[in-house]
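Peer 1: Just need the structure, nothing else, for what follows:
(one chain, ligands or ions: 1)
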Amino acid sequence: MWRMKEEIIAWGKDLGISTKDIEIVLRKITGLSTSQLFLAQEISEGYIGEVRESFTRLSRGEPVQYVVSSAEFMGKEFFVDESVLIPRDDTEVLVKAVLQTSPSTPFLQGEEGTILIDIGTGSGIIPITLMWNMESQISNFYAIDVSREALEVATVNIKKYGLQDKIQVLEGDLLAPFLRPYSNSLLHGDEIPANMVITANLPYIKQDDFENMDTSVYTHEPKLALYGWPGTGFELYEKLILQCLQLQKRSKCITLFIEIGFDQFDIATAYIKSQGLTFDYFRDTHNIVRVIQINFS
Ligand SMILES: C[S@@+](CC[C@H](N)C(=O)[O-])C[C@H]1O[C@@H](n2cnc3c(N)ncnc32)[C@H](O)[C@@H]1O
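Peer 2: Presented below is the predicted three-dimensional model:
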């Protein structure tokens, strides 16, 4: 038994679902490519139960990425569920900033013992995409998150790309796994690396802004991934910067890359300067500064 494809598309549209989301769901369920789906006249009746379930979820405002358990970042597919933030294009600025940073920066000179730590890793998109490009420059990759459920998703993606021997997943609050007393820390005495690259896309949305967000984000994405603090939204980064200052006593050179909100540049740089640190910054395609590189050396 078959159903006309156009009939199914009309059904989705009647439920208020966009043509793009209908196509994403139909591709996922049928396994057809974009062009195969375009050419198909009919869809097997056997898929209709799944289509109905997906349409119901979409019509309730659930993001399509959660419905199909998949999101794209920098041209690659990553598994996602409701315990992680859906990867945003904004985060490409962070990844590209690390990759584009001046070759004069010590960690890009291929010195041995450089480690990379991604804090608030969520689905693991940052360490995975950096790993593909920086394997030869980095001796160890770590992905940290305070959410165990998020780390389970990161682990799925790390395994999906066969990187389980390269990226170590750690549960913890910011840099806590590296700050424990020497005997108990991941950085033991003579194992302290010369250089550390730390990346972080942490929750930076102020409480007031969070309450005014798109309902599909507000209702479905994890609050732990988005919500900053009642004040500026930069508070978690302040805590991280203080932890880096502590870690600096044990590492020669730390370079921290953070993604910030579109309106946080002044707040961020005032704080960074107050700590006597130097910084650089990177803009998105709208010419807004979204990433700050902070140098601890
Ligand atoms: C904005 S999401 C970013 C996820 C992912 N890095 C990305 O760019 O798509 C922030 C992540 O930080 C994690 N997080 C929140 N507070 C944290 C903390 N104190 N220490 C470590 N991770 C934290 C959340 O669980 C969430 O996965």
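Peer 1: can you pull the contacts of the residue nearest to residue 260 when sequence neighbours are not counted?
Peer 2: Computed as CB to CB, 6 or more residues apart in numbering, the closest residue to residue 260 that is not its neighbour in sequence is residue 268, at 5.3 Å. For the C-beta atoms, the positions are set from N, CA and C on the backbone; glycine is no exception. The neighbours of residue 268, taking CB atoms under 8 Å, 6 or more residues apart in numbering as the test, are 234, 237, 258, 260, 292.
Peer 1: neighbours around the nearest residue to residue 224 once chain neighbours are set aside, how many?
Peer 2: The shortest distance from residue 224 to any non-neighbouring residue, by CB to CB, 6+ apart, is to residue 147 (5.7 Å). Taking other CB atoms under 10 Å as the criterion, the count of residues near residue 147 is 18.
Peer 1: Over to residue 101?
Peer 2: In terms of burial, residue 101 registers 17 neighbours under the definition other CB under 10 Å.
Peer 1: distance of it from the ligand?
Peer 2: From residue 101 across to the ligand, the span is 18 Å (CB to the nearest ligand atom, to the nearest Å).
Peer 1: Quick one: neighbours of the nearest residue to residue 15 once chain neighbours are set aside, just the number.
Peer 2: Using CB to CB, 6+ apart and skipping residues adjacent in sequence, the residue nearest residue 15 is residue 59, 4.2 Å away. Counted with other CB under 10 Å, the burial measure for residue 59 works out to 14 neighbours.
Peer 1: where does this protein dip in pLDDT?
Peer 2: 102-113, 182-184, 188-194, 228 (pLDDT under 70).
Peer 1: Please parse it into its domains.
Peer 2: 2-60, 80-296 (automatic domain parsing).
Peer 1: The shortest one spans what distance, first to last residue?
Peer 2: Distance across domain 2-60, first residue to last, is 27 Å (CA to CA, to the nearest Å).
Peer 1: who in the stretch 151-297 of the chain is up against the ligand?
Peer 2: With CB under 6 Å from any ligand atom as the criterion, the stretch 151-297 of the chain comes near the ligand at residues 173, 174, 201, 202, 203, 224, 225, 226.
Peer 1: could you redo those as a markdown table and give each row distance to residue 30?
Peer 2: Shown next, in a markdown table, are these (distance: CB to CB, whole Å):
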| residue | distance to residue 30 |
| --- | --- |
| 173 | 43 |
| 174 | 43 |
| 201 | 34 |
| 202 | 38 |
| 203 | 37 |
| 224 | 34 |
| 225 | 31 |
| 226 | 33 |
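Peer 1: Buried ones from these, can you make that a ChimeraX selection?
Peer 2: Written as a ChimeraX command, the selection of buried residues from those, which uses 16 or more other CB atoms under 10 Å, is:
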select :174,201,202,203,224,225,226
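Peer 1: Could you dump the residues of the stretch 151-297 of the chain next to the ligand into JSON lines with distance to residue 47 and secondary structure added?
Peer 2: Formatted as JSON lines, the entries for those read as follows, by distance: CB to CB, whole Å; DSSP: H, G, I helix; E, B strand; the rest coil:
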{"residue": "173", "distance to residue 47": "44", "secondary structure": "coil"}
{"residue": "174", "distance to residue 47": "45", "secondary structure": "coil"}
{"residue": "201", "distance to residue 47": "36", "secondary structure": "coil"}
{"residue": "202", "distance to residue 47": "40", "secondary structure": "coil"}
{"residue": "203", "distance to residue 47": "38", "secondary structure": "coil"}
{"residue": "224", "distance to residue 47": "35", "secondary structure": "helix"}
{"residue": "225", "distance to residue 47": "32", "secondary structure": "helix"}
{"residue": "226", "distance to residue 47": "34", "secondary structure": "helix"}
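Peer 1: Let me see the ranges of the helices in the protein.
Peer 2: 5-14, 19-30, 34-39, 48-59, 64-67, 91-100, 125-134, 148-160, 176-179, 207-211, 215-220, 223-226, 235-248, 265-274 (DSSP state H).
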